[in-house]
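Enquirer: Here is the input, now give the coordinates:
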Amino acid sequence: MLEGKAVVRETDMPEVIQSHVMELAYQALDAYEVSDCQSIANFIKQKLDEAYGPAWNSVVGKDFGSCITHLCGSFIFFRVEMMEFLIFKDGKDFSESREEAIGSAAQSQNKRFLNA
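Expert: Down below sits the predicted model:
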């Protein structure tokens, strides 16, 4: 497992969801070898799909490029030591406002904590 602190490089995600995503990243790093980027990414994607609904994407690695479109309030790019994480949600309905997207995600997060 990588022991370093997560450093957020870019995000438009509410802090509560950022914390959840980084918690999932640490869980994945505990569960899988650092070199198994595909399993780490899949773990994070599955957990986010369960918590906030489908259409999450997770890219994990040490050297990659990207050009994406994402749902407002669902993007984070961070690193833990040498490992980088790009997490975002895409969707068919991009007319949803940032406030609606954040409100939906926050409601899902509150339900998760209430059910824990």
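
Enquirer: Ignoring the adjacent residues along the chain, who's closest to Glu81?
Expert: Ranked by C-beta to C-beta, 6 or more residues apart in numbering and with sequence neighbours excluded, the top spatial neighbour of Glu81 is Gly4, at 3.8 Å. No exception for glycine: its C-beta is placed from N, CA and C like everyone else's.

Enquirer: go on, Ile40?
Expert: Ala28 (4.3 Å).

Enquirer: And the residue nearest to Glu81, how close does it get to Met82?
Expert: 9 Å (C-beta to C-beta, to the nearest Å).

Enquirer: The residue nearest to Ile40 sits in which helix or strand?
Expert: Using DSSP states H and E, Ala28 maps to helix 15-31.

Enquirer: still on that earlier bit, from memory the residue nearest to Ile40 sits against Gln46, does it?
Expert: No. If you go by C-beta atoms under 8 Å, Ala28 and Gln46 don't touch, sitting 10.0 Å apart.

Enquirer: And the two? Which one has more around it.
Expert: Set side by side, Ala28 and Gln46 show more neighbours around Ala28, with 25 against 14, by other C-beta atoms under 10 Å.

Enquirer: Spit out the contact partners of the more buried one.
Expert: Counting by C-beta atoms under 8 Å, 6 or more residues apart in numbering, Ala28 touches 39-40, 43-44, 60.

Enquirer: okay, now Val34: neighbour count?
Expert: The number of residues packed near Val34 is 16, by other C-beta under 10 Å.

Enquirer: That one belongs to a strand, doesn't it?
Expert: No. Secondary structure of Val34, determined by DSSP: H, G, I helix; E, B strand; the rest coil: coil, with no strand assignment.
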